[in-house]
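> I'll drop the sequence and a predicted model, then ask my questions.
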Amino acid sequence: MMSSMIRPDWPAPQKVKAIQTTRRGDLSQNPPYADFNLSDQVGGDNHFVAQNLQRLQEYLPAKVSWLDQVHGVEILDLPSEKVRNADGAFTTKEKVVCAIRTADCLPILFTDDKGSFVAAIHAGWRSLGLGIVEKAIKKMTNGNKIMAWLGPCISPNKFEVGRDVFNCFVANDPSTEGFFKLHNNKFLLDLPGVAHLKLKKLGVDWVYGNGITQEYCTYQQADTFFSYRREKNTGRMATLAWIDSN
């Protein structure tokens, strides 16, 4: 299974570990959930999901406390806060896994140049527009140099949204207007572009991954990624980070 994972291309300290899963795996579920679906809340065969979660766990230092993601801006401090509705997880503790699940939304991992924390946030359009990146950086600011890795998400040329989405972003941050392009009386939205803009404005210059040093599209790369926009009923991938004691 390790060959099906993506290792973030960022200069994190050696003790910071991170992985991005794909849909590729060894088990054979029925499409559109094949193969490595990690969510039992999306209509797939939960027998296979349980086996996939067990396989993933073999590569992690502790059991994952999965979030109930609600497209908001809440970020939990782990392990002190009990898991509840949230779209991000943050920890300064060793061997505590921060994880989120996606199938088009933008996953973002964070750490700093000392490896003093890790965090994972689920930046779908609503969370991103409402300020989850700003909230995350406020929580992480400690005088060290913060870095971010943007994971696979739907690309700008495939992410069509309505006027309501445009209004949400521009009302909260007018500078995001340039990441919308008119298309068929709607808009095409550049999620990685908005995230990069926000991070840069917040003083985060070390930004890597999707749209920066790599190009991923969950919609177009059907053999590698799940996509809600492409298939509606589909599986979920995971983006995970933790601090190792070694």
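Now that the structure is in, tell me what you want to look at. Every value quoted in this text rests on a predicted model; they were computed, and no experiment measured them. Residues are numbered from 1 along each chain as shown.

> Please make it C-alpha for all contacts and neighbour counts, starting now.
Noted.

> the helices in this structure, which residues?
46-57, 125-130, 132-140, 163-172, 191-201, 228-231 (DSSP state H).

> Between these, which one is closest to residue 105.
Among the helices of the chain, the nearest to residue 105 by C-alpha to C-alpha is helix 125-130 (7.2 Å).

> mind listing the strands for this protein?
16-20, 76-77, 88-91, 98-102, 106-112, 118-123, 146-150, 160-161, 180-183, 186-189, 206-209, 237-243 (DSSP state E).

> got the buried residues for the third one?
The one in question is strand 88-91. 88-91 (16 or more other C-alpha atoms under 10 Å).

> elements contacting it?
Applying 3 or more C-alpha pairs under 8 Å, 6 or more residues apart in numbering; DSSP states H and E, we find strand 88-91 packed against strand 76-77, strand 98-102, strand 118-123.

> Ok, the fourth one next?
Using 3+ C-alpha pairs under 8 Å, 6+ apart as the contact criterion, the secondary-structure elements in contact with strand 98-102 are strand 88-91, strand 118-123, strand 237-243.

> What strands flank the second one, and is each parallel or antiparallel?
The sheet places strand 118-123 alongside strand 88-91 (antiparallel), strand 106-112 (antiparallel), with pairing taken from DSSP bridges.

> Output the helices and strands packed on strand 88-91 in TSV; the columns should cover mean neighbour count and mean pLDDT.
TSV is the format used below for the helices and strands packed on strand 88-91 (neighbours: other C-alpha atoms under 10 Å; pLDDT from 0 to 100):
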stretch	mean neighbour count	mean pLDDT
strand 76-77	20	96
strand 98-102	27	98
strand 118-123	30	98
